[in-house]
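# Compute the structure for the input listed below.
(2 chains)
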Amino acid sequence: MSQWTYPDPVSDEALVRRARDGEEAALSALVKRHTDAVYRVALAIGGDPDLAQDVSQDAFVKAFRGLGGFRGDASFRTWLLTIAANAARGALRRQGRRREMDLDSAPPLASEARGPDQDAELSAEAARAREALLRLPEKQRLSIQLRVDEGLSFREIAEVIGSTEGAARVNYFHGIRKLREWME
Amino acid sequence: MSDRECGVIRETLPDLIGGRLAGADATRVSAHLEACPDCREEAELLRLLHATRPVVPAGLARRIEGATRAGRRRASHRWWGLAAASVAAVALGIGVVSRETPSLDEADPPGIVAGAEEARLWVADDGLVAGAPALEGLTDEDLLMLLEEMGAETTGGAA
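Numbers count the residues shown, from 1 in each chain, chains lettered A, B, ... in the order given. I've put the predicted structure just below:
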């Protein structure tokens, strides 16, 4: 396996062009760059960490299979996340169950902000915030996660959740307002 | 603080929290947060959410790389199989036509050549490529099976 990695300045578009030419390292770079975001989108919709892993794999396989048809109207990342979101919804439909996740089965959370003294307090606050997030309708929850966790613009969020840019903005701010009310 | 200014700042808060805001923009947003408790409270919530985003399982990227590589290998094999099946089908079809096409004096109704029913092969409308219409709608797997069957028939015929 190639150990070569591309430096960050190489754009997704350049990697996609090289990947279309069959360059393995470009495909690997795209996987490494976008796995986290794809997994978190799949988790946000599916709610189950195991399902999210399967969906992430499925999304990349589908995306690479369809790379020839990728027109570049959207960014590669937005296109990939849209595939992941659709794959997650499809997986849920196949399972025939609604998304359910309680905190006992919730995946581990990142802890970059935790210090030794803050750990317990932040964990409690984090649990409350994440619990509150899960209570939001899917579009509001996804809008917040795509904006905060992945840094997508409202235009990109709209493409992923299948709405207008204005609706994505409204979903985000309504969701934030509810979270702030619940967290008070 | 005006609602309009707070609205602009809140649109950019996720970028500040995520480290995507730099220079004068970051300074401006930070200065606003110093002076606006309401926006500061929202920034704290976003910071908490960002800091506690779900951890991605170790090894997932490697698993995905393996799966996509295997998928491309399978696709490559399928295309080679499909190409081989198509070539073989066309070659066999031409053979059937050249063997079976009757003279004008004994021509059957258009579309079917004499003996084609036994061979279960239809002649294409242009009369050149027998079997071609039967390939339409077949999956890659069907075509590979067809190729194997044709190989067996060809071998049997030569024996």
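# okay, CA-based contacts and neighbour counts for the rest of this
OK.
# Which pLDDT value does the model give residue 159?
Using chain A. The model reports residue A:159 with a pLDDT of 93.
# Chain B was what I was after
For residue B:159, the model assigns a pLDDT of 33.
# Mind giving me the packing neighbours of the lowest-mean-pLDDT helix or strand in chain A?
Lowest on mean pLDDT, DSSP states H and E among the helices and strands of chain A sits helix A:119-135, with a mean of 81. Helices and strands touching helix A:119-135, by 3 or more Cα pairs under 8 Å, 6 or more residues apart in numbering or on different chains; DSSP states H and E, are helix A:165-183, helix B:37-51.
# tell me which residues in the shortest one are buried?
Of the residues in helix B:37-51, those scored as buried under the neighbour-count criterion (16 or more other Cα atoms under 10 Å in any protein chain shown) are B:39-40, B:42-43, B:45-51.
# Not counting its own residues, what contacts that helix?
The contact list for helix B:37-51, computed with Cα atoms under 8 Å, 6 or more residues apart in numbering or on different chains, reads A:110-113, A:125-126, A:129-130, A:148-149, A:180, B:6, B:9-10, B:13-14, B:17-18, B:33-34.
# what about residue A:86, distance to chain B?
18 Å (Cα to the nearest Cα, to the nearest Å).
# Now intersect the contacts of helix B:37-51 with the strands, please.
For the contacts of helix B:37-51, not one is inside strands, with DSSP state E as the criterion.
# filter the residues you listed to the buried ones?
Buried among these by 16+ other Cα under 10 Å: A:110-111, A:125-126, A:129-130, A:148-149, B:6, B:9-10, B:13-14, B:17-18, B:33.
# Nearest to residue A:166 among these?
residue B:10 (15.3 Å; Cα to Cα).
# show me the residues around the closest one that make contact.
Taking Cα under 8 Å, 6+ apart as the test, what residue B:10 contacts is B:39, B:42.
# can you list the domain ranges for the chain.
Because you didn't say which chain, this covers chain A. Domains of chain A are assigned by automatic domain parsing as A:8-97, A:118-184.
# that's the other chain; I wanted chain B
Looking at automatic domain parsing, the domains of chain B come to B:3-51, B:76-158.
# hang on, residue B:61 packs against residue A:32?
Yes: between residue B:61 and residue A:32 there is a contact at 5.9 Å, judged by Cα atoms under 8 Å.
# Between the two, which is the more surrounded one?
The neighbour comparison of residue B:61 against residue A:32 (other Cα atoms under 10 Å in any protein chain shown) goes to residue B:61, with 24 against 16.
# where does the more buried one land on pLDDT?
pLDDT at residue B:61 comes out at 96.
# Tell me the spacing between residue B:29 and chain A.
From residue B:29 to chain A the distance is 16 Å (Cα to the nearest Cα).
# Any regions of chain B where pLDDT drops low?
Within chain B, the segments meeting pLDDT under 70 span B:1, B:71-159.
# At the contact with chain A, which residues of it appear?
Contact residues (Cα under 8 Å from any Cα of the partner chain) of chain B with chain A: B:14-15, B:17-18, B:20, B:42, B:45-46, B:48-56, B:60-61, B:63-65, B:67-68, B:71-72.
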